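Chemist: Here's my sequence, what's the structure:
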Amino acid sequence: MKVMIRRSPETGLSIYVPKKDIEESIVECEHETLWGGWIRIANGWVLDLPAMASDTILPITINARKRGGEATE
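Modeler: This is a model prediction of the structure:
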């Protein structure tokens, strides 16, 4: 699914899912650099993000994949 990830000084990292009209904060991520692992958003969804350079400029629209279960390390 297409999602937009952005960073704001007030809320930190957040994600917007246009088809669902959902905007949520990113509350946990597998990798400090964000890319190439999973993220958990405030509504409980876990999404897999593509591998990208750690200095990727935000905001950015990407394809993410929703996981069915809980994230594991």
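
Chemist: for the helix or strand harbouring Met4, the distance to its chain's centre please.
Modeler: Element membership for Met4 (DSSP states H and E) is strand 2-8. If you compare the mean C-alpha spot of strand 2-8 with that of the full chain, they lie 7 Å apart, counting by Cα atoms, centre = their mean, to the nearest Å.

Chemist: go on, stretch 5-23?
Modeler: If you compare the mean C-alpha spot of stretch 5-23 with that of the full chain, they lie 8 Å apart, counting by Cα atoms, centre = their mean.

Chemist: now do stretch 18-27
Modeler: In terms of Cα atoms, centre = their mean, the centre of stretch 18-27 is set 9 Å apart from its chain centre.

Chemist: Stretch 42-57 too?
Modeler: For stretch 42-57, the distance to the chain centre is 4 Å (Cα atoms, centre = their mean).

Chemist: Strand partners (parallel or antiparallel) of the strand holding Met4?
Modeler: Strand 2-8 sits in its sheet next to strand 12-17 (antiparallel), strand 60-63 (antiparallel), going by DSSP bridges.

Chemist: Check which helices and strands the helix or strand following the shortest one sits against.
Modeler: Going back to what we said before, that points to strand 60-63. Once the chain leaves strand 60-63, the next helix or strand it forms, by DSSP H and E, is strand 65-66. Identification of packing neighbours for strand 65-66 by 3 or more Cβ pairs under 8 Å, 6 or more residues apart in numbering; DSSP states H and E yields strand 46-48. To be clear about C-beta, it is placed using only N, CA and C from the backbone, and glycine gets the same treatment.

Chemist: looking at the strands paired with strand 2-8, which is buried most?
Modeler: Across these, the average number of neighbours (mean count of other Cβ atoms under 10 Å) peaks for strand 12-17, which reaches a mean of 17.
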